[in-house]
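**Q** The sequence and its predicted three-dimensional model are supplied below.
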Amino acid sequence: MRNPKRHGVPLLLLALLLAACGSPGAPVDPAPVGSVRPPMPANAAVETAVEDSGSAEENCDPTASLAPNPSVPAGSTMDAIRDRGHLVVGVDQNTFLFGFRNPTTGMLEGFDIDIAKEIARELLGDPEAVQFKAITSAQRIPALKNGEVDLVVRTFSVTCERLQEINFSTVYYVAGQRVLVEKNSKVDGVEDLGGKRVCAAKASTSLKNIANAEPKPIPVSVDDWSDCLVMLQQGQVEAVSTDDTILAGMAEQDPTTKIVGERFTDELYGIGIPKENGDMVRYVNAVLEKVRNGPWQSSYNRWLLDRLGPASPPAPTYQ
Amino acid sequence: MTSTVTHRGPGVPTSEPPDEPRGPRSGFTWLLELPGDAVRSITRSAARTPGRLSLIATGLIVLSLLTGLVGTLAVQDRANTIDGLIEHREPLAAAAQEVYGSLSDADATAASAFLSTGAEPPALRERYQLDIAKAGAALAKAASDSGSVAAAAEQVDILSRQIPVYTGLIETARANNRQGFPAGAAYLREASELMRSTILPAAHRLYEIDTERLAAEQDDATGVPWLTAVLVLGLAAALVAAQVYLKRRTNRVFNVGLLVATVAVGVAILWTAAALTVQSVLVSSGRGDGTEQADLLVRARIAALQARANETLTLVARGGGDAYEKEFGALFGQFAGRDGQGGLLGQARERAAGLPAGPHIESAAGNAETWLRAHEEVRGLEQAGDYQGAVEKAISGRDEQGAAKAFGRVDGDLTAAITSARQSFLDDTTNGSRALTLLAPGFAVLAVIAALGTTLGIRERLREYR
């Protein structure tokens, strides 16, 4: 009589187990969420076809500007600006160290802003007589061509291609393109960026340089340089590649990033001026002559010395 | 109605075929023959007056009880719909409105906070935090009922996923801003982009859905209950017909039982008609003066909030804000027309004459004009190169004629007007609900009285045949 009972218990358990084997299916996921992606800055896009720069025509020296002339004859562009009472300058308000809005004062500050103020000081006797217009990199040439601004002082590289549409002053700063990555990144320069997403501002020379690099990175374009820093911090791009000056400002804002690689281009910053205002080009060049002898260095020391080491103003060349 | 059966009878053959059991009956054939048998037995008994009287009585009683049941349920359903409007549907629409309004305000406030310099103004920070808290609380309320509507659930899903992302970006922007880094502005732009491209459209859609559902339920609460109407009128007609028939058969003018039944049905018809008419009129007025007015005002307020966001963003963009300025123009036009007199606010004003919301709307229109003037001054200052002056005019919390103060007053007036319109809805709809007091049980009792009256009245006649 005992044996059947002993067998009975395991049998019963087996039966229960078998009954439980009819699977009830997986538990219901009450609110299925697949993947999440951080939001993108407005107008950020992966560039599939960046216009080729036409690789600078022969016999074009982009650095050679018109000879300086400090006089302000009646009826000149400068005279009209004096009548108006203020200079209208297209600048950046998002690039730390060069042109940015100081959130504690609301004022625009930076190396480019200082240059613009020096021109206003010479022309109008008041460094504050400037109406700043914040523009994106892509708006620089249209703003000059439409006459919305008198000048553009905005990390603006002189190129032969751009010279066909607008005028440039003499070169007031020489920067060079490098790469900014997260501190723990294995990337050591532009040559390690093949197939990786790299950010730059729309219509900048940096974007073209990225598109033309070998092996080919995937260029991602944004409106403003600080959008690149946002995308790097959000992990949406592997690197930001542009002028060391702009990168220095980004590294300053985020100590978990580093600048790597050698300079692989020379970016010659000039002041953009409408094509038809040759008199203004000469006048601005005359002002820059003065700026090179003093104000340049003090502004450099204020904004860039700690980040980029000692430097002196580039010598001008004229046609 | 029931008389169709009673008029038949003598003409129908009653004899049965003699050779009925033809072989063994299968298990279910008898079931099929059951209705036939029943009809035959009824028609047999209807051939004689007592049988006919019983049939009439049965028909009337069944019809009375059926009418009572259908009518009571219909009235109860109506009462439930109205209670649902007050306790459920309207608060949900208000919650969706709160989500939409608070988020639009958060966007505008974050942009203003960016423009202000130095230490972040505590008032703006508090306003932003209040907006986010309100939006979150209202979203939980709106979400509680979205399950049944797929489109609403989808919007709630978008909102619940993206609002935390938005607040995260705003806090990152704030941390960068406090260190003096321009990356803060970039995060703010990204947050604003997320708000405008994803969050606000979802909040807008949710508000539309809830407003449509409110309107649909208000339609339900003002319609005519056709089935009940047909039944109760049919019952009255049948009772009258039965009495005419009895009078012909028995030569007695009055049958007390049937008379009581007829009076009960008459009372039910009058009471129901009066109660439902009063209730419909009140619910409709709660819709016209309440929810539709509130909807106009809500849309006006949201257009104003978004116009304000664009006004500040124009200054944030500092010369590059033509698109924002254009949008300000379009939104302000929607809100109060080009001159501050038309638009949604103008429409609300026309409808609000004599209503409690009226004075608030008048005041809003006045302040909208002040705001528009201030806005034009801001534009003028910026174009003349006085950026700091323009910012001061736009966000100063001290300048009574400045854009910030004028907008603040517009917002306050509109909020008060919306509350007032919601109160009109609540008052009218509650009164409408009161018109139905006791109607459902009353209708049931009257139907039972009609059934009892019929029973007693016809039994009295049947006795005479024994």
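**A** Received, thanks.
**Q** rest of the way, CA atoms for contacts and neighbours
**A** OK.
**Q** Who are the contact partners of the nearest residue to residue A:116 once chain neighbours are set aside?
**A** Counting by C-alpha to C-alpha, 6 or more residues apart in numbering or on different chains, the nearest residue to residue A:116 once its immediate chain neighbours are dropped is residue A:153, at 6.6 Å. Counting by C-alpha atoms under 8 Å, 6 or more residues apart in numbering or on different chains, residue A:153 touches A:89, A:90, A:91, A:112, A:113, A:115, A:116, A:270, A:271, A:272.
**Q** can I get the residues you listed in JSON lines with secondary structure and pLDDT?
**A** Shown next, in JSON lines, are the contacts of residue A:153 (DSSP: H, G, I helix; E, B strand; the rest coil; pLDDT from 0 to 100):
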{"residue": "A:89", "secondary structure": "strand", "pLDDT": "95"}
{"residue": "A:90", "secondary structure": "strand", "pLDDT": "94"}
{"residue": "A:91", "secondary structure": "strand", "pLDDT": "94"}
{"residue": "A:112", "secondary structure": "helix", "pLDDT": "96"}
{"residue": "A:113", "secondary structure": "helix", "pLDDT": "96"}
{"residue": "A:115", "secondary structure": "helix", "pLDDT": "96"}
{"residue": "A:116", "secondary structure": "helix", "pLDDT": "96"}
{"residue": "A:270", "secondary structure": "coil", "pLDDT": "94"}
{"residue": "A:271", "secondary structure": "coil", "pLDDT": "96"}
{"residue": "A:272", "secondary structure": "strand", "pLDDT": "95"}
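**Q** Who wins on neighbours among those?
**A** Neighbour counts for the contacts of residue A:153 (other C-alpha atoms under 10 Å in any protein chain shown) peak at residue A:91, which has 31 neighbours.
**Q** Surely it and residue A:137 touch.
**A** No - look at residue A:91 against residue A:137 with C-alpha atoms under 8 Å: they stay out of range, at 9.3 Å.
**Q** what touches both of these two?
**A** Common neighbours of residue A:91 and residue A:137, counting by C-alpha under 8 Å, 6+ apart, are residue A:154.
**Q** Check which residues of stretch A:162-176 are buried.
**A** Neighbour-count burial for stretch A:162-176 flags A:162, A:166, A:167, A:168, A:169, A:170, A:171, A:172, A:173, A:174, A:175, A:176 (criterion: 16 or more other C-alpha atoms under 10 Å in any protein chain shown).
**Q** and if you look at stretch A:139-149?
**A** Those buried within stretch A:139-149 under the rule 16+ other C-alpha under 10 Å are A:139, A:140, A:141, A:143, A:144, A:145, A:149.
**Q** Does chain B have contacts with that stretch?
**A** No - Stretch A:139-149 stays out of contact with chain B when judged by C-alpha under 8 Å from any C-alpha of the partner chain, the minimum separation being 9.0 Å.
**Q** Which residues does that stretch contact?
**A** If you take C-alpha under 8 Å, 6+ apart as the criterion, stretch A:139-149 is touched by A:88-90, A:133, A:150-152, A:165-166, A:272-275.
**Q** Those residues of the stretch 151-300 of chain B touching chain A, which are they?
**A** Residues of the stretch 151-300 of chain B lying near chain A (C-alpha under 8 Å from any C-alpha): B:165, B:177-178, B:180-183, B:185-187, B:189-190, B:193-194.
**Q** Do you know the pLDDT at the residue nearest to residue A:116?
**A** pLDDT for residue A:153: 96.
**Q** and what of the one 10 residues further on?
**A** The confidence metric pLDDT takes the value 92 at residue A:163.
**Q** How about the contacts made by it?
**A** Counted by C-alpha under 8 Å, 6+ apart, residue A:163 has contacts residue A:62.
**Q** what does the one 5 residues further on give?
**A** Residue A:168 makes contact with A:65, A:158, A:270, A:271, A:272, A:273, A:281 under the criterion C-alpha under 8 Å, 6+ apart.
**Q** In TSV: these, plus distance to residue A:36.
**A** Shown next, in TSV, are those (distance: C-alpha to C-alpha, whole Å):
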residue	distance to residue A:36
A:65	52
A:158	42
A:270	43
A:271	43
A:272	43
A:273	45
A:281	51
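**Q** And the furthest pair within the residues you listed?
**A** A:158 and A:281 (13.5 Å; C-alpha to C-alpha).
**Q** Number of residues surrounding the closest residue to chain B within the stretch 1-150 of chain A?
**A** Per C-alpha to the nearest C-alpha, residue A:104 is where the stretch 1-150 of chain A lies closest to chain B, at 4.1 Å. Neighbour count for residue A:104, taken as other C-alpha under 10 Å: 17.
**Q** Quick check: the gap between the nearest residue in space to it that is not next to it in sequence and residue A:84.
**A** In space, and not counting its chain neighbours, residue A:104 is closest to residue B:118: 4.1 Å by C-alpha to C-alpha, 6+ apart. Residue B:118 sits 31 Å away from residue A:84, going by C-alpha to C-alpha, to the nearest Å.
**Q** Check the secondary structure at the closest residue to chain A within the stretch 101-250 of chain B for me.
**A** Nearest to chain A, among the residues of the stretch 101-250 of chain B, is residue B:118, at 4.1 Å (C-alpha to the nearest C-alpha). State at residue B:118, reduced to three classes by DSSP: H, G, I helix; E, B strand; the rest coil: coil.
**Q** can you pull the contacts of it?
**A** So residue B:118 contacts A:103, A:104, A:105, A:106 (C-alpha under 8 Å, 6+ apart).
**Q** and these, which are buried?
**A** A:103, A:104, A:106.
**Q** Surely the last one and residue B:116 touch.
**A** Yes - under the contact definition of C-alpha under 8 Å, residue A:106 touches residue B:116, with a separation of 7.4 Å.
**Q** Can you identify each of the helices in the stretch 1-150 of chain A by residue range?
**A** Ranges of helices within the stretch 1-150 of chain A are A:2-21, A:77-84, A:111-124, A:140-145, based on DSSP state H, counting those that start in this stretch.
**Q** Relative to residue A:96, how far out is residue B:170?
**A** Distance from residue B:170 to residue A:96, by C-alpha to C-alpha: 20 Å.
**Q** okay, those two: which has more neighbours?
**A** Using other C-alpha under 10 Å, the more surrounded residue of residue B:170 and residue A:96 is residue A:96, with 29 against 22.
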